[in-house]
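1. What follows is a protein structure lacking sequence information:
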């Protein structure tokens, strides 16, 4: 299962990216942060969101060959996005915290596995 | 976009979705299980669970074949891997039987530890669902395939018209508003559809590609002058024709050849094929598992080495990833390989399984949305008409009913006597009887009570599977054996997850009081049953 740690990281990055993109939207910013989104701050969430998704794609490319990797990268968006969609109305704060915690946890896991 | 165009697309989406939706739900759920069809078959044959690949397995397999069929035209050994615990031995007899079974040949399973032949209980295993998802059961194969093909085309239409219909595809990208009846179902349907859209498109389009020769045979008929057999042998050639058997001769020891192949490819040998064994023109073909890289190069393309049987001389090394392939074929190969996922390692397989769950959830929420919308449109004192009741009843049969039937199929596998005659058919009969009962029940009680009863029954049956396993096998969750082969323990765990999801759904259904509006009405409003938040994500069998 050498591909498990990078896969976990790709998934965590996709989740963080999608959460960041959702924070660039009024409705979800309200839900997660509990305050109004200032229009000029939209870019603070939108650009990092796309960047994180690009990073997720980049990690995916190390796991699978090109064609399959592209397909799996968009597939991971579904697997990361569906929990987010269903967390937002119930546990919005948790959804936000996971976006920070998961990539950190994934990187720790990977480095632990790499060191052992 | 033109409003009336969008409206006509909405109409198209609603009605194509409804017309073949029930079939699509069944195709999606059984198809999702088919990602794990070998694992399901393994679980359904507990007699072979206690078997692990050993250094001596290959020698024992060759000895077994030498004892069974020393003069066979060919031998074929599949070694245990992540999806299979026993070694599978097949051979083509020297004199093919007259009943036309020549191409299949004979097959036995061998315990990889002891080298003994094992005779597991008769079952169709996961292949039943795999076959069902593209040719159903009990109807003529051609007509069944045409029907599934039609449903696939409708699915493609539904995908395209659905995207056009969806007004706020980006604005509502992450939106789910629970507890609002139709609105919630629409959100859930949109989320599962939009987020997994590339998967839905891939699985539908590749499904059509796999049916290509069935639905558009005219080009082939014109080019090959109605001789389809020569088209298939030319385009989908498998190169299986063996040379005439030579005179008897010794074969070299296989150990060094295996070492050579494993060093060359850096992977363990998984399959050994020997044509004309024990002859002076014997050929030994060693295959390792394919790379995902070959998905767009060649279907069924395992890296392979071929050796001369009597000298051990290397004749051919074939790496399909290096084959020149035309762009058209690469697209065809990519789509169909991804659809069938034969290349996948366990982790990638789980991801595809989750994609399948999302696809099933999309079809299921679509069907429930159809009923929810029409129920919400009813006036306060208005009863749902017969058509709406029927749709609700059919929904129940196709969703909870199918989940009930699948669970019953697995339970029948454990509870029917092992020596029962025509056992594999009895398992399938149990499946269809339970499904039929749920259909009748659904049509008789097309209301909230009906849903509650079926969800309760399904949760109970799924929970019963790992429990019954404890009493009927030696590889249940509390044995190390089940955990030794991840597939076996995972099966029971997925059963427990499905039971828990069902239980959660049941809790939500029970807890939620009937809508106030309905309580004031003369009769309780019987529809609009579940809260989508608690909807089980159209759970699958593993």
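-> Nice, I can see it. Since this is a predicted model, take the numbers as computed values, not measurements.
2. For the closest residue to residue A:23 other than its chain neighbours, give its distance to chain B.
-> If the residues on either side of it in the chain are set aside, residue A:23 comes closest to residue A:45, at 4.2 Å by Cβ to Cβ, 6 or more residues apart in numbering or on different chains. (Glycine included, C-beta is placed from N, CA and C.) Between residue A:45 and chain B the computed distance is 12 Å (Cβ to the nearest Cβ, to the nearest Å).
3. Just the pLDDT for residue A:45.
-> According to the prediction, residue A:45 has pLDDT 94.
4. and it, what is it in contact with?
-> By Cβ atoms under 8 Å, 6 or more residues apart in numbering or on different chains, the contact set of residue A:45 is A:20, A:21, A:23, A:24, A:29.
5. which residues touch the fourth one?
-> Listed by Cβ under 8 Å, 6+ apart, the contact partners of residue A:24 are A:37, A:42, A:43, A:45, A:46, A:49.
6. Phi first, then psi, for it.
-> The phi/psi pair for residue A:24 (degrees, to the nearest 10) reads phi -80, psi 0.
7. For residue 66, grab the count of nearby residues.
-> Because you didn't say which chain, this covers chain A. 10 (other Cβ atoms under 10 Å in any protein chain shown).
8. my bad, the chain I had in mind was chain B
-> Neighbour tally, residue B:66, other Cβ under 10 Å: 14.
9. That one sits in which helix or strand?
-> helix B:57-68 (DSSP states H and E).
10. Let me see the mean pLDDT of that helix.
-> 92.
11. about what we covered before: any idea which of the contacts of residue A:45 has the most stuff around it?
-> In terms of neighbour count, residue A:23 stands highest of these at 25 neighbours, by other Cβ under 10 Å.
12. what's across from the closest residue to residue B:69 other than its chain neighbours in the sheet?
-> Spatially, and ignoring its direct neighbours in sequence, residue B:69 is nearest to residue B:91 (4.7 Å; Cβ to Cβ, 6+ apart). With DSSP bridges as the criterion, residue B:91 is bridged to residue B:75, residue B:106.
13. Please read off the pLDDT at residue B:91 from the model.
-> 91.
14. list the contacts for it?
-> B:65, B:68, B:69, B:72, B:73, B:74, B:75, B:76, B:105, B:106.
15. any idea which of these is closest to residue A:14?
-> Minimum distance to residue A:14 across the contacts of residue B:91 is 41.7 Å, recorded for residue B:76 (Cβ to Cβ).
16. picking up where we left off before, I'd like the distance between the residue nearest to residue A:23 and residue A:18.
-> Separation of residue A:45 from residue A:18 (Cβ to Cβ, to the nearest Å): 11 Å.
17. Mutual contacts of the two, please.
-> By Cβ under 8 Å, 6+ apart, no residue touches both residue A:45 and residue A:18.
18. and of the contacts of residue B:91, the nearest to chain A?
-> Among the contacts of residue B:91, residue B:76 lies closest to chain A (Cβ to the nearest Cβ), at 28.3 Å.
19. Might one say that that closest one is in contact with residue B:106?
-> No. Taking Cβ atoms under 8 Å as the definition, residue B:76 is not a contact partner of residue B:106, at 10.2 Å.
20. which one of the two has more residues nearby?
-> Neighbours were counted for residue B:76 and for residue B:106 using other Cβ under 10 Å; residue B:76 has more, 19 against 14.
21. Report the contact partners of the nearest residue to the more buried one once chain neighbours are set aside.
-> Spatial nearest neighbour of residue B:76, chain neighbours left out: residue B:90 (4.2 Å); criterion: Cβ to Cβ, 6+ apart. For residue B:90, the contact set (Cβ under 8 Å, 6+ apart) comprises B:75, B:76, B:77, B:78, B:105, B:106, B:107.
22. So among those, which ones count as buried?
-> The neighbour-count test (16 or more other Cβ atoms under 10 Å in any protein chain shown) applied to those identifies B:75, B:76, B:77, B:78, B:105 as buried.
23. Looking only at residue counts, what's the top helix in chain A?
-> Secondary structure of chain A per DSSP state H: the longest helix is helix A:92-115.
24. is any part of that one close to chain B?
-> No. Against chain B, helix A:92-115 shows no contacts by Cβ under 8 Å from any Cβ of the partner chain, the least distance being 9.6 Å.
25. Would you mind pulling up the elements that that helix packs against?
-> Using 3 or more Cβ pairs under 8 Å, 6 or more residues apart in numbering or on different chains; DSSP states H and E, the elements in contact with helix A:92-115 are helix A:4-23, helix A:26-33, helix A:66-87.
26. Other residues contacting it?
-> Counting by Cβ under 8 Å, 6+ apart, A:5-6, A:8-9, A:11-13, A:15-16, A:19-20, A:23, A:28, A:31-34, A:52, A:84, A:87-88 sit against helix A:92-115.
27. Out of the contacts of residue A:45, which is nearest to chain B?
-> residue A:21 (7.9 Å).
28. Check the closest residue in space to the closest one that isn't next to it in sequence and give its pLDDT.
-> In this structure, residue A:21 finds its nearest non-sequential neighbour in residue A:49, 3.6 Å apart by Cβ to Cβ, 6+ apart. As predicted, residue A:49 sits at a pLDDT of 96.
29. next one: phi and psi at residue A:49?
-> According to degrees, to the nearest 10, residue A:49 has phi -60, psi -50.
30. relative to helix A:4-23, how tilted is the longest helix of chain A?
-> 150 degrees (axes from the mean of the first three to the mean of the last three Cα atoms, to 10 degrees).
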